[in-house]
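Q: quick one, structure for this:
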Amino acid sequence: MPLTLGKSRIEALSDGVFAIAMTLLVLKLDVPEVMHHSSNEAMLQQLLAMGPVFVTYIVTFLIAGGFWFRKRSVEAVLNPGKRHGRGFGFPDTEG
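A: Sure thing, here's the model as predicted:
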């Protein structure tokens, strides 16, 4: 008997892959090395120096989120009878 996966299981797996990938992005953000007795200005300078890293993280997160949202939109078009709930994977609360 061949192993078959339903469409909903494949959709859930791909949603999980997106979730893991987007979560792993945050692991690349490093906490600045600042001594406990450093001033607020020193901490601010180190955070501002990390500005390009934050911008890269935000842009990458938005791109991955856009791909995920587009994937969910395509699923909604391909499965018109299935309720996709506001397009974000949440179940509909309306009857």
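Q: got the contact list for stretch 19-35?
A: Contact with stretch 19-35 is made by 42-43, 46-47, 49-50, 53-54, 57, 60-61, 64-65, 68, as judged by C-beta atoms under 8 Å, 6 or more residues apart in numbering. Just so you know, the C-beta spots here come from the backbone N, C-alpha and C atoms, and that holds for glycine as well.
Q: and those, which of them are in helices?
A: If you go by DSSP state H, those have 42-43, 46-47, 49, 53-54, 57, 60-61, 64-65, 68 in helices.
Q: show me how to select, in PyMOL, the buried members of those.
A: Those of the ones in helices among the contacts of stretch 19-35 that count as buried under 16 or more other C-beta atoms under 10 Å are selected in PyMOL with:
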select buried, resi 68
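Q: dump the ones in helices among the contacts of stretch 19-35 to TSV, plus pLDDT and distance to residue 81.
A: Formatted as TSV, those follow (pLDDT from 0 to 100; distance: C-beta to C-beta, whole Å):
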residue	pLDDT	distance to residue 81
42	84	59
43	82	54
46	85	53
47	84	49
49	89	52
53	89	44
54	89	42
57	91	38
60	92	35
61	92	32
64	92	28
65	91	26
68	90	22
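Q: could I get the ones in helices among the contacts of stretch 19-35 in JSON lines, plus columns for distance to residue 28?
A: Output for the ones in helices among the contacts of stretch 19-35, formatted as JSON lines (distance: C-beta to C-beta, whole Å):
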{"residue": "42", "distance to residue 28": "23"}
{"residue": "43", "distance to residue 28": "20"}
{"residue": "46", "distance to residue 28": "17"}
{"residue": "47", "distance to residue 28": "16"}
{"residue": "49", "distance to residue 28": "16"}
{"residue": "53", "distance to residue 28": "8"}
{"residue": "54", "distance to residue 28": "11"}
{"residue": "57", "distance to residue 28": "7"}
{"residue": "60", "distance to residue 28": "9"}
{"residue": "61", "distance to residue 28": "11"}
{"residue": "64", "distance to residue 28": "13"}
{"residue": "65", "distance to residue 28": "16"}
{"residue": "68", "distance to residue 28": "19"}
